[in-house]
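Visitor: starting from these lines, generate the structure:
(one chain, ligands or ions: 3)
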Amino acid sequence: MGDGAKSGFFAMKNKSSAVIPIAAVSHARPAVAVPAIAVPATGRLLDRLGRPMTDLRISVTDRCNFRCSYCMPKDVFDKDYQYLPHSALLSFEEMTRLARLFAAHGVRKIRLTGGEPLLRKNIEGLIEQLAEIRTPAGEPLALTLTTNGSLLERKAAALKAAGLTRVTVSLDGLDDAVFRQMNDVDFPVADVLAGIDAAQAAGLGPIKVNMVVKRGSNEQEILPMARYFREHHAGRVVLRFIEYMDVGATNGWRMDEVLPSAEVIARIAAEFPLLPLEAAAPGETAQRWAYADGGGEVGVISSVTQAFCHDCSRARLSTEGKLYLCLFASAGHDLRPLLRGSASDEEIASAIGHIWQGRADRYSELRALRGPEAGDSSDAHDKAPRRVEMSYIGG
Ligand code: SAM
Ligand code: SF4
Ligand code: SF4
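Guide: Numbers count the residues shown, from 1 in each chain. Ligands and ions are numbered 1, 2, ... in the order given. Take a look at the predicted model:
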């Protein structure tokens with residue numbers, strides 16, 4: 001049984017408000033064992049589908065000050081929701097130790113996420129430690145962070161000084177009323193825009209701004225967002241539209257609320273002609289387009305209509321030290337007992353290597369093969385193991 005199940009600290013409410021311990025249905029997993037045959041870190045680690053591990057996302061907290069309905073709906077993440085206790089969280093030293101071992105296996109980029117990563121106390125201290133890590137070739141890692149932007153104006157300069165390379169800001173609309181409704185805590189859009197300006201001024205660019213598009217909720221914001229970032233930040237902010245995904249088990253996802261990226265691009269191109277761009281790097285999730293008049297670029301992340309599992313190189317580490325091989329996984333591999341036991345770096349690296357070598361996850365491709373309604377609350381979906389929440393595993 002996994003440690004989450006033992007302590008019983010995961011709990012959520014279902015629609016009829018009975019408390020269901022999430023650990024019992026999804027997180028239970030034996031602690032990872034050190035493999036009998038060592039898997040040494042060689043700087044290149046391939047999974048069963050030949051995909052290298054180059055990207056690590058670390059969730060630094062499962063808490064957030066927003067309640068976006070597609071991620072942490074208010075009726076589930078309410079005052080009774082039980083978050084991870086402090087003792088369960090990896091310390092910054094533990095995260096850094098693991099990050100160093102992932103880098104030895106080939107990770108080049110680390111993204112801090114959550115929950116809302118800027119809520120974790122002294123996150124700058126973690127960034128400072130991660131900035132010391134070098135790849136086998138002696139290069140520093142690219143260190144990025146995804147944030148809802150609410151605390152960015154205050155923190156941008158300190159994040160840059162600590163060694164953060166870039167920042168991605170989530171923003172689901174420009175209209176204040178729409179934005180307040182999307183975050184569901186009445187947070188004003190002006191403060192996030194000020195955070196983006198502060199990040200720009202601090203040198204955390206090029207900034208990416210991500211907008212999740214939910215049909216019928218914020219689709220009318222697509223063009224105002226495109227116009228705003230062309231006018232105010234042309235060439236310095238890359239705006240990306242994300243298809244609403246069936247992550248987790250609480251957002252009540254329905255296919256008819258997904259606005260396909262092709263439609264987003266058609267709407268923008270009707271006002272601003274676009275030219276397709278090549279992917280900047282292998283494994284890049286976004287398809288990129290340049291404004292034909294030189295006004296910068298936009299991107300779309302089409303996780304639902306055009307799955308990109310074939311070159312998914314991302315590993316995910318939860319706040320309590322479980323390694324997840326896919327955003328849609330229902331269980332993680334618990335590295336914390338190794339960290340807090342007597343395992344050596346070589347043994348932990350070997351365990352990580354063994355886990356990645358066994359990876360064959362490709363949820364979104366399989367969803368696409370099942371047909372357009374797959375992933376909704378059909379019988380098949382209800383019978384599948386409960387997937388972890390995005391706020392827990394990190395976006
Ligand atoms: N709180 C931070 C933020 O919002 O940027 C970081 C964590 S959040 C889970 C990371 C990203 O996941 C955000 O850009 C958010 O919009 C995205 N996200 C969350 N739920 C999603 C869903 N159901 N579909 C698509 N994107 C989602
Ligand atoms: Fe919080 Fe980010 Fe999830 Fe919104 S998407 S609820 S800001 S973790
Ligand atoms: Fe990667 Fe899983 Fe997303 Fe496919 S569904 S791209 S394997 S995280």
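Visitor: for ligand 1, what's the nearest residue on this structure?
Guide: Nearest residue of the chain to ligand 1 (Cβ to the nearest ligand atom) works out as Gly395 at 2.3 Å. Just so you know, the C-beta spots here come from the backbone N, C-alpha and C atoms, and that holds for glycine as well.
Visitor: residues in contact with the closest residue to that residue other than its chain neighbours?
Guide: Closest residue to Gly395 apart from its sequence neighbours, by Cβ to Cβ, 6 or more residues apart in numbering: Thr113 at 5.3 Å. Residues in contact with Thr113, defined by Cβ atoms under 8 Å, 6 or more residues apart in numbering, are Arg57, Ile58, Ser59, Val60, Leu145, Thr146, Gly394, Gly395.
Visitor: quick one: the last one and Thr146 touch, right?
Guide: Yes. Using Cβ atoms under 8 Å as the test, Gly395 is close enough to Thr146 to be in contact (5.8 Å).
Visitor: re earlier: save the contacts of Thr113 as a markdown table, and put in secondary structure too.
Guide: Output for the contacts of Thr113, formatted as a markdown table (DSSP: H, G, I helix; E, B strand; the rest coil):
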| residue | secondary structure |
| --- | --- |
| Arg57 | strand |
| Ile58 | strand |
| Ser59 | strand |
| Val60 | coil |
| Leu145 | strand |
| Thr146 | strand |
| Gly394 | coil |
| Gly395 | coil |
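Visitor: can you pick the most crowded of those residues?
Guide: For the contacts of Thr113, neighbours were counted using other Cβ atoms under 10 Å, and Ser59 has the most, 28 neighbours in all.
Visitor: which residue is the nearest non-sequential neighbour of it?
Guide: Here the residue nearest Ser59, using Cβ to Cβ, 6+ apart, is Gly394, at 3.3 Å.
Visitor: tell me the phi and psi of the one you found?
Guide: Dihedral pair for Gly394: phi 90, psi 140, per degrees, to the nearest 10.
Visitor: sorry, back to before: closest to ligand 3 among the contacts of Thr113?
Guide: Distance to ligand 3, by Cβ to the nearest ligand atom, is smallest for Arg57 among those, at 9.7 Å.
Visitor: contact residues of this protein facing ligand 2?
Guide: Cys64, Phe66, Arg67, Cys68, Cys71, Met72, Gly114, Gly115, Glu116, Asn148, Ser170, Ser391 (Cβ under 6 Å from any ligand atom).
Visitor: what separates the first one from ligand 3, distance-wise?
Guide: Spelled out, that is Cys64. To ligand 3, Cys64 is 20 Å away according to Cβ to the nearest ligand atom, to the nearest Å.
Visitor: skipping its backbone neighbours, what lies nearest that residue in space?
Guide: That would be Glu116: by Cβ to Cβ, 6+ apart, it lies 4.3 Å from Cys64.
Visitor: the one you found contacts Phe66, correct?
Guide: Yes. Assessed by Cβ under 8 Å, Glu116 is found in contact with Phe66 at 6.9 Å.
Visitor: for the stretch 1-150 of the chain, which segments count as helices?
Guide: 3-7, 22, 92-104, 123-130 (DSSP state H, counting those that start in this stretch).
Visitor: counting contacts, what elements does the last one pack onto?
Guide: Yep, that's helix 123-130 we're talking about. helix 92-104, strand 109-113, strand 142-147, helix 152-162 (3 or more Cβ pairs under 8 Å, 6 or more residues apart in numbering; DSSP states H and E).
Visitor: how about that helix and ligand 1, touching?
Guide: No. Judged by Cβ under 6 Å from any ligand atom, helix 123-130 stays clear of ligand 1, getting no closer than 12.2 Å.
Visitor: report the buried residues of that helix.
Guide: Ile123, Glu124, Leu126, Ile127, Glu128, Gln129, Leu130 (16 or more other Cβ atoms under 10 Å).
Visitor: Val185: how many residues sit nearby?
Guide: For Val185, the neighbour count with other Cβ under 10 Å is 12.
Visitor: wait, it sits on Asn65?
Guide: Yes. Between Val185 and Asn65 there is a contact under Cβ under 8 Å: 6.6 Å.
Visitor: ok, Phe77 touching Met390?
Guide: No. Phe77 is beyond contact range of Met390, at 11.5 Å (criterion: Cβ under 8 Å).
Visitor: ends of stretch 285-302, how far apart?
Guide: Taking Cα to Cα, to the nearest Å, stretch 285-302 runs 8 Å from one end to the other.
Visitor: could you do stretch 279-289 as well?
Guide: One end of stretch 279-289 to the other measures 10 Å (Cα to Cα).
Visitor: which one is the residue in the stretch 151-300 of the chain that ligand 3 sits nearest to nearest to, not counting chain neighbours?
Guide: For the stretch 151-300 of the chain and ligand 3, the shortest gap (Cβ to the nearest ligand atom) falls at Thr285, measuring 7.4 Å. Leaving aside its chain neighbours, Thr285 sits nearest to Ile301 (5.1 Å; criterion: Cβ to Cβ, 6+ apart).
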